[in-house]
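Sharing a model prediction with you, sequence too.
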Amino acid sequence: MRIIALSGRPNVHANKRLREAARQRGHQLRVMAPFKCVCRIESGSATIYYYGRRIKTLDVAIPRISVQSTDYGVAVMRHFKLAGFTMVNDPGAVALSRDKMRSLQELLAAGLPVPRTFTTRSSLSLDEALVYLGGWPVVVKVLRGTQGVGVALIDSRETLESFLQTVWSYGDNSLIQEYIPESLGSDVRVVVVGGKAVAAIRRKARLGDFRSNYHRGGDAEPVELTPVIEDLALRSAGAVGLDVAGVDLLESRRGLLVNEVNSSPGFEAAEAATGIDVAGAIIEYAERLHADALTRAR
């Protein structure tokens, strides 16, 4: 089977492990940078070129696009889909997951528990937001961010207004969320692949930071995949429309809350803490998708 991973970073852990897992199963996996893909449109035809050569033979594409390349990366994904290639994760679902407010709205529509959240483009609403969220501190997130970038814990009106004014000046938006003190800088990350929760870990922030992202120096330990955790993770991935996802849950006094759903989850921490072959699970799912596509083509 011929597989590509759409990513501009060929040597990150996830892509190395996907190449290894594909090779172990007798497949070829090549990492292709979305920005190097050229999409051509003409009546009745969608074609893709990479370094001047047309991509004709491909069985499955696995998107691993970064936040910085979301817009062009999603456009390239759509072109792969138009060209008839099988995709792991739909481009529309990837675009949705990258907008924190829109994805929270979909989680809410699906009846899933989420943190109290406030969004505004007016400083006049900040006092109202503070009352609604239960007081200081609050968590502020840029709508497009990953691995803890664009996230701040703020404990004063002056700092909050300054942060928001800076974000707005760049034409971006943000959301303001309640801080969950009982989570103590930790969350539960569940990796979902093809309708199954394959691994769960508790990520803990490094000393002096409240963000639990493993890539920011946090620690991770395995977590039991209870029916409640598994159900929340699968329903969350389904609400956003993702087949492969990292679902982040916060442990609060009100129970588990769905914080975010990530379409290109890193799984280095999950594999290290649990010993589970997450990369292998993704390649196995790609095999299923390819087999289904062959069946439909007959």
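Thanks, I have it. Quantities reported herein were computed from a predicted structural model and do not represent experimental measurements.

In the chain, spot the helix with the most residues.
The longest helix of the chain (DSSP state H) is helix 278-297.

wait, residue 99 sits on residue 143?
Yes - Residue 99 is within contact range of residue 143, at 5.7 Å (criterion: C-beta atoms under 8 Å). C-beta: built from backbone N, CA, C; applies to glycine.

Between those two, point out the one with more neighbours.
residue 143 (18 against 15; other C-beta atoms under 10 Å).

Next one, pLDDT for the more buried one please.
The score at residue 143 is 82. That number is its pLDDT.

any idea how far it is from residue 244?
According to C-beta to C-beta, to the nearest Å, residue 143 stands 22 Å off from residue 244.

Could you do residue 59 as well?
Taking C-beta to C-beta, one finds residue 59 at 16 Å from residue 244.

more crowded one of these two?
Neighbour count, other C-beta under 10 Å: between residue 59 and residue 244, residue 244 has more, with 26 against 18.

Low-confidence regions, this protein specifically.
The chain contains residues with pLDDT under 70 at 144-149, 206-217.

Could I get the phi/psi values of the residue nearest to the spatial centre of it?
Nearest to the geometric centre of the chain sits residue 262, at 1.5 Å (C-alpha atoms, centre = their mean). Main-chain dihedrals, residue 262, degrees, to the nearest 10: phi -100, psi 130.

Could you list everything it pairs with in the sheet?
According to DSSP bridges, the partner residues bridging residue 262 are residue 246.

Which strand or helix spans residue 129?
Take DSSP states H and E as the rule and residue 129 turns out to sit in helix 126-133.

Counting by contacts, list what the very next helix or strand once past that helix packs against.
Sequence order places strand 138-142 as the next helix or strand after helix 126-133, per DSSP H and E. Contacts defined by 3 or more C-beta pairs under 8 Å, 6 or more residues apart in numbering; DSSP states H and E place strand 138-142 against strand 151-154, helix 157-169, strand 174-178.

Just the angle for strand 138-142 relative to helix 157-169, thanks.
Going by axes from the mean of the first three to the mean of the last three C-alpha atoms, to 10 degrees, strand 138-142 is angled at 10 degrees with respect to helix 157-169.

Just give the strands next to strand 138-142 in its sheet, each with its orientation.
Strand 138-142 has these strand partners (DSSP bridges): strand 151-154 (antiparallel), strand 174-178 (antiparallel).

What angle do helix 126-133 and that strand make with each other?
Using the same axes, to 10 degrees: strand 138-142 against helix 126-133 is 110 degrees.

what's in contact with strand 138-142?
100, 129-130, 149-155, 160, 163-164, 167, 172-179, 210 (C-beta atoms under 8 Å, 6 or more residues apart in numbering).

Show me how far it is from its chain's centre.
17 Å (C-alpha atoms, centre = their mean, to the nearest Å).

Any buried residues in that strand, and which?
138, 139, 140, 141, 142 (16 or more other C-beta atoms under 10 Å).

Closest to residue 84 out of the residues you listed?
residue 142 (35.7 Å; C-beta to C-beta).

how much space between the closest one and residue 251?
In terms of C-beta to C-beta, residue 142 sits 24 Å off from residue 251.

swap in residue 133?
Distance, residue 133 to residue 251, using C-beta to C-beta: 18 Å.

Next: residue 292.
Distance from residue 292 to residue 251, by C-beta to C-beta: 37 Å.

When the two are compared, which one has more neighbours?
residue 251 (16 against 11).

Excluding chain neighbours, what is closest to that one?
Excluding its sequence neighbours, the residue lying closest to residue 251 (C-beta to C-beta, 6 or more residues apart in numbering) is residue 183, at 5.5 Å.

so what's that neighbour up against?
250, 251, 252.

okay, these in TSV with distance to residue 205 and secondary structure next?
Rendered in TSV, the data for the contacts of residue 183 read as follows (distance: C-beta to C-beta, whole Å; DSSP: H, G, I helix; E, B strand; the rest coil):
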residue	distance to residue 205	secondary structure
250	13	strand
251	14	strand
252	16	strand
